[in-house]
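Enquirer: For reference, the sequence and a predicted model appear below.
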Amino acid sequence: MAEVVIVQDESEAGDLIAGSILSLIEGRPDAVLGLATGSTPLPVYRALARRVAQEQLDVSRVRGFALDEYVGLPAGHPESYRSVIMREVVEPLGLTPSRIHVPNGDLATIQTASDEYEDAIIAAGGVDLQILGIGRSGHIGFNEPGSSFASLTRVKTLTESTRADNARFFDSPDDVPMHCITQGLGTILRARHLVLLAFGSAKAHAVAAAVEGPVTASQPGSAIQLHPHVTVVIDEAAASELTNTAYYRHVWANKPAWQGL
């Protein structure tokens, strides 16, 4: 069973996960982080940047792998996930850019990009802590409903609902790419610790399906039930469709401090 932590707001979630990441880096200066994009993980990155600055922590050896990238966006496009990761994570935290990897969405090399990304993750020794969001359809990364739990990094066609959700970042809905390259569910499940974040009532159904529903490819988020170390951090609204909230609160309130997240 995943550990479910229900917090008051996004700020509390950011502080909680940032503290766990700091502990990881202090114990392993070359820790490997799995980096999600979008609005959901921003409170974590902001809290982490603040704590790194306050504690003057050396993060120059930290490595990172992004979950996904659009296919076919021009190099340097402000909404490419490479640009987003650099703008929202690398620069605020002071990470070393060459140690942060993003799938290569260049059409000229797309046929080999998936295998190359898998090889790079393996060569790094795997991901220590993977940050995840979840879409309204239950997708994690760009693994839409129907994705195999054994899937590895690959090119996928985005659903129209996902393109519509992401259209707010572009000048026009037509500008949202049709394809992406994403870590597969099998790739994600190899990370040693999964941290899934969700906020707001729009995510409540997907959270309930992921945590308490049947394990099914129709709900890609339910793959987290197959992992031995998962932390789900959600606000009250995102928790509103869960059945076992009283138990989750009881477990968190009585968790030994030495266990960490």
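Expert: Done, it's in.
Enquirer: and Thr159, what pLDDT?
Expert: Per-residue pLDDT puts Thr159 at 83.
Enquirer: Enumerate every residue touching it.
Expert: With contact taken as C-beta atoms under 8 Å, 6 or more residues apart in numbering, Thr159 is in contact with Ser137, Glu144. (Each C-beta comes from the backbone N, C-alpha and C, glycine too.)
Enquirer: And the helices in the stretch 151-261 of the chain, which stretches?
Expert: Assigned by DSSP state H, counting those that start in this stretch, the helices in the stretch 151-261 of the chain fall at 160-166, 185-189, 204-212, 245-253.
Enquirer: Mean neighbour count and distance to Leu42 added to those helices, as TSV?
Expert: What follows is the helices of the stretch 151-261 of the chain, written out as TSV (neighbours: other C-beta atoms under 10 Å; distance: least, C-beta to C-beta, whole Å):
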stretch	mean neighbour count	distance to Leu42
helix 160-166	16	15
helix 185-189	23	20
helix 204-212	21	18
helix 245-253	13	23
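Enquirer: Nearest to Ala120, out of those?
Expert: Distances from Ala120 to each of those were compared using C-beta to C-beta; the minimum, 11.2 Å, belongs to helix 185-189.
Enquirer: Could you list the residues in contact with that closest one?
Expert: Helix 185-189 is contacted by residues 34, 67, 118, 121, 130, 132, 140-141, 143, 147-153, 194, 220, 223, 226-227 when judged by C-beta under 8 Å, 6+ apart.
Enquirer: just stretch 208-224 next, same as before
Expert: By C-beta under 8 Å, 6+ apart, the list of residues contacting stretch 208-224 reads 2, 4, 132, 134, 138-140, 143-149, 185, 188-189, 194, 196, 206-207, 225-226, 230, 232, 241-244.
Enquirer: Helix, strand or coil: sort out the nearest residue to Ile17 once chain neighbours are set aside for me.
Expert: Excluding its sequence neighbours, the residue lying closest to Ile17 (C-beta to C-beta, 6 or more residues apart in numbering) is Val44, at 4.7 Å. The three-state label given to Val44 by DSSP: H, G, I helix; E, B strand; the rest coil is helix.
Enquirer: list the contacts for Val44?
Expert: Ala13, Gly14, Ile17, Ala18, Ile21, Ile131, Leu197.
Enquirer: One more: Val127?
Expert: With contacts taken as C-beta under 8 Å, 6+ apart, Val127 has the following neighbours: Val32, Leu33, Gly34, Phe65, Ile121, Arg190, Ala191, Arg192.
Enquirer: try 6 Å
Expert: Applying C-beta atoms under 6 Å, 6 or more residues apart in numbering to Val127 gives the contacts Val32, Gly34, Ala191.
Enquirer: And for Phe170?
Expert: If a contact means C-beta under 6 Å, 6+ apart, then Phe170 has Val176 as its contacts.
Enquirer: returning to what we had before: closest one to Ser172 among the helices of the stretch 151-261 of the chain?
Expert: When those are ranked by distance to Ser172, counting by C-beta to C-beta, first place goes to helix 160-166 at 11.2 Å.
Enquirer: Could you find the closest non-adjacent residue to Tyr248?
Expert: Val4 (4.0 Å).
Enquirer: Wait, Leu24 touches Ala31, no?
Expert: Yes. With the criterion set as C-beta atoms under 6 Å, Leu24 and Ala31 qualify as a contacting pair; they are 5.0 Å apart.
Enquirer: hmm, back to that, need the contacts of Val127 in CSV (columns: pLDDT, neighbour count and distance to Thr216).
Expert: As requested, the contacts of Val127 are arranged in CSV below (pLDDT from 0 to 100; neighbours: other C-beta atoms under 10 Å; distance: C-beta to C-beta, whole Å):
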residue, pLDDT, neighbour count, distance to Thr216
Val32, 98, 22, 29
Gly34, 98, 26, 23
Ala191, 98, 24, 21
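Enquirer: need those residues in CSV with distance to Asp174, can you?
Expert: CSV is the format used below for those (distance: C-beta to C-beta, whole Å):
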residue, distance to Asp174
Val32, 36
Gly34, 31
Ala191, 34
